[in-house]
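# structure here, sequence nowhere to be found:
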């Protein structure tokens, strides 16, 4: 390893980082919706065997790789949380400046029915990660009702966890997400947003609890580019009329200066008219369902809209008119594998998809350059309809519009992969 030792760390550290990091894992914002890398790919691309092999090469590689491995933590069990907490605290006792927790930049939580004890151990981890930039809370709770049906109850992220996050990571936080059925309380959310002013991406499936009075705070989020509200990616009816999320938008709709950097807006329909009128001119990307009641207002109040993603299948999309819209995406309501008889698929997917494409074709969109169908989940079986795909490729190609699949490949031969 003499040759390696003679090379400066600036040369071989990036090489090892490319082997250990998943693409996009440390991005402070969500991936572009047309990006071929999905959030789930971040976890599927983790090559534990390669990581283990790199640790065994030599001490120099071990020192670098062990730091890189701890940049991103994906915590799924109490045992794992405990092991990481113990490791971080032991490392901190030996070296405060080079402790393992100081290298952690992203934590993904995917804990099932986490106990208070688990939250206590998570607090120990957060207290060791002063440079944390991304926290994705996907903790989920399930309960069985008297009829033996499993239901997802609302749960609150403990205030003590929020305290640890604010006290240790408020200066470094860039992206915070609550994506399942564990949410922050209103007061805890306000504390996070007022102290972590560098946040560029915020995802809120919901806010815990009921509001007893109309929020009157004047909140400024100077760096927020991406705002995702509701139960993404389906944005089901549960999001419609959501009082806490609507109150949050109302609070942010008092002045354009509250969200000076906003570019991307996703959600079902807590898109309040006041919010759109206040901030719509900045928005470049919108993702919502086709039958959201404010769709026309979204389009009308976003003159600089570049990308529109509609969640499918849903009701038909009304004819659109927009002078600047360049990209339209048709994304499935679920990316989980779905198997249905072909006759049902044809009636409930292919026919509505045909209607949707016809309406896009008839809309007044002079700048339209790309239409993408994300052929996974509920849309995966469109690959069994090559005649349909070939016909629509020819139609879009005649208009100079790119028609492609989930990987960005043109559907020229009627084949999606």
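Yes, it's here. Source: prediction; values computed, not measured.
# residue 383 versus residue 14, what's the distance?
38 Å (C-beta to C-beta, to the nearest Å). Heads up, the C-betas are built off the backbone N, CA and C, glycines and all.
# brain fart, residue 228
From residue 228 over to residue 383 (counting by C-beta to C-beta), the distance is 29 Å.
# same drill for the two, tell me which one is more crowded.
Neighbours were tallied for residue 228 and for residue 383 using other C-beta atoms under 10 Å; the higher tally belongs to residue 228 (21 against 15).
# which ones are touching residue 201?
28-30, 174-177, 224-226, 228 (C-beta atoms under 8 Å, 6 or more residues apart in numbering).
# so which of the residues you listed are in strands?
Counted as lying in strands by DSSP state E, out of the contacts of residue 201, are 175-177, 226, 228.
# lowest-confidence entry in those?
Ranked by pLDDT, the ones in strands among the contacts of residue 201 bottom out at residue 228, which has 92.
# so what's that residue bridging to?
Beta-bridge partners for residue 228, by DSSP bridges, are residue 203, residue 266.
# residues contacting it?
Counting by C-beta under 8 Å, 6+ apart, residue 228 has contacts 30, 177, 201-204, 266-267.
# rerun at 10 Å
Going by C-beta atoms under 10 Å, 6 or more residues apart in numbering, residue 228 touches 30, 177-179, 201-205, 235, 264-267, 287.
# again, but for residue 198
Counting by C-beta under 10 Å, 6+ apart, residue 198 has contacts 28, 133, 170-175, 221-224.
# nearest to residue 164 among those?
Checking the contacts of residue 198 against residue 164 with C-beta to C-beta, the nearest one is residue 170 at 10.6 Å.
# sheet partners, orientation included, of the host helix or strand of residue 328?
Residue 328 is located in strand 327-332, with elements delineated by DSSP states H and E. Strand 327-332 has its sheet partners listed here by DSSP bridges as strand 307-312 (parallel), strand 370-373 (parallel).
# among those strands, which gets the worst mean confidence?
strand 307-312 (a mean of 88).
# tell me where the model's unsure across the stretch 151-300 of the chain.
151, 211-216, 232-242, 268-271, 290-294 (pLDDT under 70).
# which residue ranges of it form helices?
159-169, 186-195, 243-251, 273-279, 295-300 (DSSP state H, counting those that start in this stretch).
# ok and the longest one relative to helix 186-195, angle-wise?
Read it as helix 159-169. Here the directions of helix 159-169 and helix 186-195 differ by 0 degrees (axes from the mean of the first three to the mean of the last three C-alpha atoms, to 10 degrees).
# which outside residues touch helix 159-169?
Counting by C-beta under 10 Å, 6+ apart, 101, 104, 107, 109, 114, 116, 119-120, 122-133, 135, 137, 156-158, 173, 176, 182, 184-185, 187-189, 191-192, 194-196 sit against helix 159-169.
# now with 6 Å, please.
119, 123, 126-127, 130, 132, 188, 195 (C-beta atoms under 6 Å, 6 or more residues apart in numbering).
# try the fourth one
Counting by C-beta under 6 Å, 6+ apart, helix 273-279 makes contact with 249, 253, 256, 259, 262, 297, 301, all of which sit outside it.
# shouldn't the fifth one be in contact with residue 282?
Yes - Residue 262 lies in contact with residue 282 (C-beta atoms under 6 Å); the separation is 4.8 Å.
# flag every buried residue along the longest helix along the chain.
What stands out as the longest helix in the chain, according to DSSP state H, is helix 78-94. Within helix 78-94, the residues scored as buried using 16 or more other C-beta atoms under 10 Å are 78, 81-82, 84-85, 87-89, 91-92.
# who touches residue 381 in this structure?
By C-beta under 6 Å, 6+ apart, the contact set of residue 381 is residue 345.
# and it, which of the three is it?
Judged by DSSP: H, G, I helix; E, B strand; the rest coil, the three-state class of residue 381 is helix.
# and it, what pLDDT?
For residue 381, pLDDT reads 88.
# report the buried members of the contacts of helix 159-169.
In these, burial by neighbour count holds for 119, 123, 126-127, 130, 132, 188, counting by 16+ other C-beta under 10 Å.
# show me the residues you listed that map onto helices.
Per DSSP H, these map to helices at 119, 123, 126, 188.
# out of those residues, which comes closest to residue 342?
Nearest member of these to residue 342, counting by C-beta to C-beta, is residue 119, at 47.2 Å.
# that closest one - nearest residue in space that isn't next to it in sequence?
In this structure, residue 119 finds its nearest non-sequential neighbour in residue 158, 4.9 Å apart by C-beta to C-beta, 6 or more residues apart in numbering.
# neighbours of the one you found, just the number please.
The number of residues near residue 158, taken as other C-beta under 10 Å, comes to 19.
# for residue 138, see how far away residue 166 is.
The value you get for residue 166 to residue 138, if C-beta to C-beta is used, is 20 Å.
# could you do residue 377 as well?
From residue 377 to residue 138 the distance is 18 Å (C-beta to C-beta).
# which one of the ones in helices among the buried ones among the contacts of helix 159-169 sits closest to residue 410?
Residue 410 lies nearest to residue 126 out of those, by C-beta to C-beta, at 45.6 Å.
# quick one, what contacts that closest one?
164-165, 168 are the contacts of residue 126 under C-beta under 6 Å, 6+ apart.
# for residue 116, give me the pLDDT.
93.
# now swap in residue 147 and tell me
Model confidence at residue 147, given as pLDDT, is 63.
# same check on residue 121?
97.
# what residues of the helix or strand hosting it count as buried?
For residue 121, the host element (DSSP H and E) is helix 116-126. Buried residues in helix 116-126, counted by 16+ other C-beta under 10 Å: 118-119, 121-126.
# stretch 274-281 now?
Neighbour-count burial for stretch 274-281 flags 275-276, 278-280 (criterion: 16+ other C-beta under 10 Å).
# out of those residues, who's nearest residue 341?
residue 276 (41.1 Å).
# tell me the spacing between that closest one and residue 393.
34 Å.
# follow-up on the earlier one: format the buried ones among the contacts of helix 159-169 as TSV; extra columns: distance to residue 350.
As requested, those are exported to TSV (distance: C-beta to C-beta, whole Å):
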residue	distance to residue 350
119	46
123	50
126	48
127	53
130	52
132	45
188	46
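# residue 142: which of the residues you listed is nearest?
residue 119 (17.2 Å).
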